Structure formats: C-alpha cells, structure tokens
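S.K.: Using only what follows, build the 3D model:
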Amino acid sequence: MRIWAVSDGRAGIENQALGLAEAIARRVRAEITTKRIHLRTPWSWLHPGFIPAPKQALAIGSDAIDPPYPDIFIGCGRASIPFAMGMREWSNHRTLVVQLQDPRVNPREFDIVAPPFHDALGGPNVVPIVGACHRVTPQRIAEEAGPLRDQLLAEQRPIYAVLIGGKSKRQTITARRARLMSDALARVKHASGGTLAVTLSRRTPQPARAAFAAHLAPHAALFYDPADGAGANPYFALLSAADAIFVTADSVNMATEAAATGKPIHVMPVDGGGGKLAAFHQSLEERGAARPFRLPLTSWAYTPLLETDRVAQAVLMALQARRQKAR
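M.R.: Okay, the predicted model is just below:
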C-alpha cells in the first residue's frame, strides 16, 4: 500500500499527516511518501477550494503531484486542499482521499474528513476527533526518550514536564504572563519537593523567552530553549519521565500529544481570546485528560487518548468497503 502525506512542510502541519500515515502503517504494510507543496502567486491568494488547475499553480521547489498515485492521500493544511479535491478524478477514484482539519469546503469533496470536535463540522464522511492527529505513541515515547529520561528519573519526584508554546493567530505569551507562570511553577516545585523540566518553543516570543530564562530556569533541573541551538530536543524524554504535564493553552498539538500519555495535563492560560481553543480544552476536560492549572495541584488518571489510531481504523474500513464494492 502506498500513502502520501501532503502538506506545506511546516512541522505542526506535516506531523499531523505523517501521524495518520504512520498509524495506518502500524496496521498494514505501507510505504509512506512525504509531499511538500506550495502554490505560487496569485494562486496562493485564492481560497483553496477555487483553484481549478492546482498542478499548474505549484511553486518551484514543490514536490510533484503526478502518477503513479497513492492508495491513500492524506492532506493537511491549506496548501493540500486543491490537490486533495482533484485527486479522486486524477486517480479515476482509485485513491482514498483523507483531509485533516476543517478544509472549509464541502466535506463531500473528500472521502474522509477528520476535523477537531471543536470545529463542529458534520457529515456522513466526517470523523471528528479531540485535537489533532499526531505522531506521538507510547511506543515512540519509549524509543525516543533516550538517556535523558533516566537522568530525569534520578531527580526528585514528582517530575513535572512544562511544555511552553508561544505566539499563534489569536494568542501569545507576554513577558508579564511568563513571569506569572514562572512564579506559579516555582511554587509548585517548592510545595511538592519535585522537579521541573521545561522546554520552550520556537514560537515563544523573545520577551517571554527572556522572562522564562530569568525567573523559571533557576528552578528547573532542565531548561531547553530551541533558539539557543544547543543539545537535542528533550520533548520525548519529558513526556516519558513526567508524573504530570503542564501545557500552555495556545497549542492544540502539544496538549493532544500529552493526552496520549495518560498523565494529568494542567493547562496554563496565555494572553488572547479563547474561542475554539476554549472548546478544545473543554473536550479534553470532558475526557478526563486535562484541567485548568490551579493551586493546590491535584492528580488523576485517565485512559490515554489515541485519536489518531481511531482515524486510521476509519480510513482502513473505508478503503476495505471501497475495494469490496469494486469487486
């Protein structure tokens, strides 16, 4: 079986498509090909549902969208939508087309659409999920945690993983917010006698980055800033070693990945409006995975959320039904 994971190549978008492709490949033998595409202007200015000849609109440096076409096309993000919409015709309906997130076009343009619940998209071929598809599994956490996991486990328990995001369309982390978070997390450490292990994001604004370095880093056994370019990303080691996880409220991906661990997630507020993100966090709360960060801390257990696996199963069932119908 051949699977294409198609996006504009941004890590947060590409990893959603790859996560689903890998979940399918855990169930059936499959060859995964990553396709990174961009539209040239003026086509990139248009709504992705109104690009009549997307192959002619590909920017230089994009991967080719040519035969032989895959058995399964997985698209994620705006750039992939016109190609997903054309794939059924190009492949003579042999390719099963899956679009992640809300494509903002009629879901019937695709075979399966997997948007987050908080987008409130419906339809007979819509498989809503909590958050987003991702590549984090218990197996991958164990494989990629590395020796840093053992170093963290040698520290005082409980171990708190702190995953800090940053600027998005509607949210950000100001220096003041970073100072408030730092002070609250320091209180958690000193009240529990535990250990803080912190990672920032490339999206963390510089003023917040400086505030975290000044006020949170002195209390942390590990403080990783990707902007420094020093050392390997400790993300999987943190997920593996943590007894509980703190996640800033701006990131759907980080919270969804953390929910795959079955460990308590404390959501830390950021600056900016709630909107759909508030609905997403509510869905995590309803499934027992997350709660707003409040002191004193509480602990709880829940069944890990493996939404990517659920979508993978739906895709394979749809593919099997199509093949049986073609016989």
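
S.K.: my guess is E155 contacts L238, does it?
M.R.: No: if you go by CB atoms under 8 Å, E155 and L238 don't touch, sitting 12.0 Å apart. Glycine gets a C-beta too; all of them are placed from N, C-alpha and C.

S.K.: So which of the two has more stuff around it?
M.R.: Higher neighbour count among E155 and L238: L238, with 26 against 15, using other CB atoms under 10 Å.

S.K.: Give me the three-state assignment for that one.
M.R.: Assigned state for L238: helix (three-state reduction, DSSP: H, G, I helix; E, B strand; the rest coil).

S.K.: Would you mind measuring from it to A142?
M.R.: Look at L238 and A142: by CB to CB, to the nearest Å, they are 13 Å apart.

S.K.: One more: A232?
M.R.: Here A232 is placed at a distance of 16 Å from A142 (CB to CB).

S.K.: what's the answer for S283, then?
M.R.: For S283, the distance to A142 - CB to CB - is 27 Å.

S.K.: cool, and P115?
M.R.: Computed with CB to CB, the distance linking P115 and A142 is 30 Å.

S.K.: what about the host helix or strand of V162, average pLDDT?
M.R.: Following DSSP states H and E, the helix or strand that holds V162 is strand 159-163. If you average the pLDDT over strand 159-163, you get 98.

S.K.: And for stretch 215-228?
M.R.: If you average the pLDDT values across stretch 215-228, you get 95.

S.K.: how far is that stretch from where the chain is centred?
M.R.: A distance of 23 Å separates the C-alpha centroid of stretch 215-228 from that of its chain, computed with CA atoms, centre = their mean, to the nearest Å.

S.K.: Please measure how far the first residue of it sits from its last one.
M.R.: The distance separating the two terminal residues of stretch 215-228, taken as CA to CA, to the nearest Å, comes to 17 Å.

S.K.: buried residues in it?
M.R.: By neighbour count, with 16 or more other CB atoms under 10 Å as the criterion, the buried positions of stretch 215-228 are 215-217, 219-226.

S.K.: okay if I get those residues as TSV plus secondary structure and distance to R27?
M.R.: Supplementary listing: the buried residues of stretch 215-228 in TSV, determined by DSSP: H, G, I helix; E, B strand; the rest coil; distance: CB to CB, whole Å:
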residue	secondary structure	distance to R27
H215	helix	46
L216	coil	41
A217	helix	42
H219	helix	43
A220	strand	39
A221	strand	38
L222	strand	35
F223	strand	39
Y224	strand	34
D225	coil	38
P226	helix	33
